[in-house]
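J.: what follows is a predicted protein model with its sequence.
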Amino acid sequence: MLKLNVRDMTCGHCATSVTKAVKAVDPSADVRVDLGAKLVTVETTVAPDAIRSAIGEAGYASELAA
């Protein structure tokens with residue numbers, strides 16, 4: 001399970017954009033967004049760097065969460 005802090009998410013549109021970015025890389029990924037905590041949890045077999053890159057291309061910086 002990949003946990004990412006995505007600090008630039010401020011609304012539902014942001015959460016949807018991040019989810020779509022992840023799904024573009026791995027359509028079978030299970031994506032959960034906690035907007036209040038600015039946390040994205042992804043169940044995927046795709047490399048973390050690919051997921052982070054896709055989120056970055058969507059306009060959102062991310063970092064691995066503890």
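T.: Perfect, thanks for sending it.

J.: buried residues in the host helix or strand of residue 22?
T.: If you go by DSSP states H and E, residue 22 is part of helix 12-25. Within helix 12-25, the residues that count as buried by 16 or more other Cβ atoms under 10 Å are 14-15, 17-19, 21-22, 25. (Each C-beta comes from the backbone N, C-alpha and C, glycine too.)

J.: pLDDT and distance to residue 35 for these - can I get that in JSON lines?
T.: Below are the buried residues of helix 12-25 laid out as JSON lines (pLDDT from 0 to 100; distance: Cβ to Cβ, whole Å):
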{"residue": "14", "pLDDT": "97", "distance to residue 35": "8"}
{"residue": "15", "pLDDT": "97", "distance to residue 35": "5"}
{"residue": "17", "pLDDT": "98", "distance to residue 35": "12"}
{"residue": "18", "pLDDT": "98", "distance to residue 35": "10"}
{"residue": "19", "pLDDT": "98", "distance to residue 35": "11"}
{"residue": "21", "pLDDT": "98", "distance to residue 35": "15"}
{"residue": "22", "pLDDT": "98", "distance to residue 35": "15"}
{"residue": "25", "pLDDT": "98", "distance to residue 35": "21"}
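
J.: show me which of those is closest to residue 40.
T.: When the buried residues of helix 12-25 are ranked by distance to residue 40 (Cβ to Cβ), residue 18 comes first, at 5.8 Å.

J.: distance of that closest one relative to residue 33?
T.: 6 Å (Cβ to Cβ, to the nearest Å).

J.: related to what we said a few turns ago, next, format the buried residues of helix 12-25 as JSON lines and append distance to residue 2.
T.: Supplementary listing: these in JSON lines, determined by distance: Cβ to Cβ, whole Å:
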{"residue": "14", "distance to residue 2": "18"}
{"residue": "15", "distance to residue 2": "16"}
{"residue": "17", "distance to residue 2": "17"}
{"residue": "18", "distance to residue 2": "12"}
{"residue": "19", "distance to residue 2": "13"}
{"residue": "21", "distance to residue 2": "13"}
{"residue": "22", "distance to residue 2": "9"}
{"residue": "25", "distance to residue 2": "12"}
